[in-house]
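In: Curious how this folds, go ahead:
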Amino acid sequence: MNFEQACINLPIITLLIDPKDGKIIDANNKALEVYGYTKEELSKMNINDINMLSQKEIEKEMTNAKNENRAFFYFPHKTATGEIIEMEVESYPTTIDGKILLYSLIQPSKKMNYLDKLFAKYFISSTNSILIINNKMEIKNFNKSFSKMFNLNSNEIIGKKISNIFVSEEKKRINEFYNKLIKGQVSLLDTLIKNPGSPIKYYSVEGIPTIYKDIFYGAVLLFVNRTNQVALEQKKTKKYKEALKKAKQYQQQKQDLFSRMSHNMKTPLNAILAFSEFGKNEKDPHLLFDYFNQINQSSKFLLELVEDVLNLNKIESGKIKLKPTPMSKKDLLTNVLKTINIYAKEKDIEIITNFDKNMWDYHKFDIVRFEQIYINILHNAIKYSNNHSKVIWNKYYLKDKDGHPYFKNEIIDEGIGIPKYFIKHMFEPYTKVDDDLNKGSGLGLAIAKNLIVLLNGKIWCESKLKVGTKITFEIPANEIPKEVYLDFVNKEISIDKIRYKKILICEDNEINIKIVNKILSSYKVETEIAKNGKIGLQKAREDKYFAILMDLQMPILNGFEATRKIRQFDKSTPIIAISANSYKEDINKALQSGMNEHLKKPINQNELFKTLLKYV
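Out: Below you'll find the model as predicted:
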């Protein structure tokens, strides 16, 4: 009688196995039913594909069976669905066609399932809410406390995946929870769980894995409702979270300001370095004058930015106070084009300007902020333009429906273009259409937009990929008469009144000494130098000066102490503080020490002479 005739309909699992290599030769209907495989699938498998024990563990179980006088072995078998069932296995040799094979008679263990045993012994009557899952994460059982807490019965969840009761947003954390259990680790999870007919609630779940002979059979899950506790904690920490949010906002504002200033410092520095390099070998005095003028303009631009960084009040508030001064259309456009042409030449890009001839010549604006706007937008157009292309700057002078004048600017490039999805983000800080670090930090357009809004203007963009981009912005005009502008820039200073006067310069920095001395000596003002406060005090005792320029931070004796001592014997000589510190408290401290005026470094020639003329 062959295997098919003898075993096919036996009520116990029967496998025919080759003992040499463990290959499954044949299987009866009960085997197909329990394991979930077809006969063809089983015939291609090895018994070790089903048996979960290693060879070493198999040998150990055989020894245990011998010592316990058992005729069968306990082997955990894995079904096609992944479920692990502990089996009792008896094997008998037989000879078929002259070949020695094994009949293996297999049935589920008569011992209580480990999970069921654990459940019955500890948890059925427990007041804790407990759930049992198998190794496939399917719900196998739960106690009365769990049923009461979740308002569920066995028909609703038995055999269902445990993930069904968790909210979908928690999927990633739930997978991490599962993975720890599978590895045999106690796992903890704070999560949201769906309760039928009631709101989603917050629970803590502790998972305790069930491991036997290094095989994961499932886990016991303990549930604790923490909804009320979480609500209380949230209420207690609300003020803390609000304070933390404000602190983060403040920190972000400060970080943004530093980032903006750092970005904008590079432009004038590049101009200074470039024109300084040009001037080294230049013989033409007109070109040299032009280079020096551009260096001067860029230095002023840079100084304003440095002052923004150093001004702690501006950093804390995140605000920049506008300083409008008379300016001419020609000065503004010339300064911007000279700076931006440096970048254009690097890529052989032609800057084409079309300016409205009807534009008023004189206006009152914060020229530093105005230059920032134009330079940032033009520089951005150059960065994203192809070499040997063009950037067009159209500038119109228009009036709104109420007759108020405004500037409309169009910056058009032939660059790579901007994707539609990115246009709405392009004016946000740190955003760029690509990650090329050579194209800046993504702050230029954000700074320009903030300044345009500060000037009550607006900005928008149109773009087409591989064709180019047009940025349009409008800024209200602030016209002034020509006479006001000329009065501002051409106001005569009566230098003759201080020619040949003697001034004492108390300063320890060689560069500052050279600058101030050069300014004064060029107008035939006699100077003497004191490189610390002690020398300055001695010279003031020994000689009479028209004025004393006093640095505040000097070695041996600082400017404040030197002034106090001078005022003990000289009440009339003007003492003028010169310092990089120009905060209100610094100015007040200087005046309280006996000084008459305070000038900030670097010294502005006109401001210096205006101040000195007060005391003629």
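In: Spit out the contact partners of Gln553.
Out: With contacts defined as Cβ atoms under 8 Å, 6 or more residues apart in numbering, Gln553 is in contact with Gly559, Ser579. In this view, the C-beta of every residue, glycine as well, is placed from N, C-alpha and C.
In: what do you get for Lys20?
Out: Not one residue lies near Lys20 by Cβ under 8 Å, 6+ apart.
In: does it count as helix, strand or coil?
Out: Using DSSP: H, G, I helix; E, B strand; the rest coil, the structure places Lys20 in coil.
In: how near is it to Lys524?
Out: Per Cβ to Cβ, to the nearest Å, Lys20 is found 116 Å from Lys524.
In: Tell me the gap between the top strand by length along the chain and the middle of its chain.
Out: Counting residues, the longest strand in the chain under DSSP state E turns out to be strand 198-212. Taking Cα atoms, centre = their mean, to the nearest Å, one finds strand 198-212 lying 35 Å from the centre of the chain it belongs to.
In: just checking, next helix/strand downstream of the lowest-mean-pLDDT helix or strand in the chain?
Out: Every helix and strand of the chain was ranked by mean pLDDT, DSSP states H and E. The lowest is helix 312-317, at a mean of 44. Note on helix 312-317: by DSSP states H and E, the next helix or strand toward the C-terminus is strand 325-328.
In: What helices and strands are in contact with the helix or strand just after that following strand?
Out: Next helix or strand after strand 325-328 toward the C-terminus (DSSP H and E): helix 329-346. If you count contacts as 3 or more Cβ pairs under 8 Å, 6 or more residues apart in numbering; DSSP states H and E, helix 329-346 packs onto helix 227-280, helix 285-310, strand 350-355, helix 367-383.
In: For helix 329-346, buried residues please.
Out: 329, 332-333, 335-344 (16 or more other Cβ atoms under 10 Å).
In: What would it look like as PDB? C-alpha coordinates only.
Out: Extracted in PDB, the C-alpha atoms of helix 329-346 (Å, rounded to 0.1, in the frame of the first residue of the first chain):
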ATOM      1  CA  LYS A 329      17.700 109.600  -9.600                       C
ATOM      2  CA  LYS A 330      21.100 109.700 -11.200                       C
ATOM      3  CA  ASP A 331      23.100 109.000  -8.000                       C
ATOM      4  CA  LEU A 332      20.900 106.000  -7.200                       C
ATOM      5  CA  LEU A 333      20.900 104.400 -10.600                       C
ATOM      6  CA  THR A 334      24.600 105.000 -11.100                       C
ATOM      7  CA  ASN A 335      25.500 103.400  -7.800                       C
ATOM      8  CA  VAL A 336      23.300 100.400  -8.300                       C
ATOM      9  CA  LEU A 337      24.600  99.800 -11.900                       C
ATOM     10  CA  LYS A 338      28.300 100.100 -10.900                       C
ATOM     11  CA  THR A 339      27.900  97.500  -8.200                       C
ATOM     12  CA  ILE A 340      25.700  95.100 -10.200                       C
ATOM     13  CA  ASN A 341      27.900  95.300 -13.300                       C
ATOM     14  CA  ILE A 342      30.700  93.600 -11.400                       C
ATOM     15  CA  TYR A 343      28.600  90.400 -11.200                       C
ATOM     16  CA  ALA A 344      27.300  90.900 -14.800                       C
ATOM     17  CA  LYS A 345      30.800  91.000 -16.200                       C
ATOM     18  CA  GLU A 346      31.700  87.700 -14.600                       C
END
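In: Quick one: distance of it to the chain centre.
Out: 33 Å.
In: got the contact list for it?
Out: 267-268, 270-271, 274, 294, 297-298, 350-351, 353, 355, 359-363, 367, 370-371, 374-375, 378-379, 382-383, 391.
In: tell me how far the ends of stretch 594-608 are from each other?
Out: Counting by Cα to Cα, to the nearest Å, you get 19 Å between the two ends of stretch 594-608.
In: With stretch 558-577 instead?
Out: 11 Å.
In: buried sites along it?
Out: So, applying 16+ other Cβ under 10 Å, buried residues of stretch 558-577: 558-560, 562-563, 565-567, 573-577.
In: which residues sit against it?
Out: The contact list for stretch 558-577, computed with Cβ under 8 Å, 6+ apart, reads 506, 533-534, 536-537, 540-541, 544-554, 557, 579, 587, 589-590, 593-599, 611-612, 614-615.
In: coming back round to it: downstream neighbour of the longest strand of the chain in the secondary structure list?
Out: Sequence order places strand 215-225 as the next helix or strand after strand 198-212, per DSSP H and E.
In: residues touching Ser579, list them.
Out: Here Ser579 is in contact with Asp551, Leu552, Gln553, Gly559, Asp586, Ala590, His598, Leu599, Lys600, Lys601 (Cβ under 8 Å, 6+ apart).
In: Can you tell me which of the residues you listed is closest to Phe422?
Out: Lys600 (42.3 Å; Cβ to Cβ).
In: quick one: pLDDT of the closest one?
Out: Lys600 is assigned 86 on the pLDDT scale.
In: What degree of burial does it show, as a neighbour count?
Out: By other Cβ atoms under 10 Å, 18 other residues sit near Lys600.
In: Format the contacts of Ser579 as a markdown table; extra columns: distance to Lys501.
Out: Output for the contacts of Ser579, formatted as a markdown table (distance: Cβ to Cβ, whole Å):
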| residue | distance to Lys501 |
| --- | --- |
| Asp551 | 20 |
| Leu552 | 23 |
| Gln553 | 26 |
| Gly559 | 21 |
| Asp586 | 27 |
| Ala590 | 22 |
| His598 | 20 |
| Leu599 | 17 |
| Lys600 | 23 |
| Lys601 | 22 |
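In: Make CSV from these and add distance to Asn67 and secondary structure to it.
Out: Formatted as CSV, the contacts of Ser579 follow (distance: Cβ to Cβ, whole Å; DSSP: H, G, I helix; E, B strand; the rest coil):
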residue, distance to Asn67, secondary structure
Asp551, 98, strand
Leu552, 95, coil
Gln553, 92, coil
Gly559, 98, helix
Asp586, 93, helix
Ala590, 99, helix
His598, 100, strand
Leu599, 102, strand
Lys600, 96, strand
Lys601, 96, coil
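In: Return the closest of those with respect to Pro209.
Out: Of all the contacts of Ser579, the one with the least separation from Pro209 (Cβ to Cβ) is Asp586, at 68.4 Å.
In: Please identify the nearest residue in space to the closest one, excluding sequence neighbours.
Out: Leaving aside its chain neighbours, Asp586 sits nearest to Ser579 (6.5 Å; criterion: Cβ to Cβ, 6 or more residues apart in numbering).
In: and Asn376, how far is that from Ala271?
Out: 14 Å.
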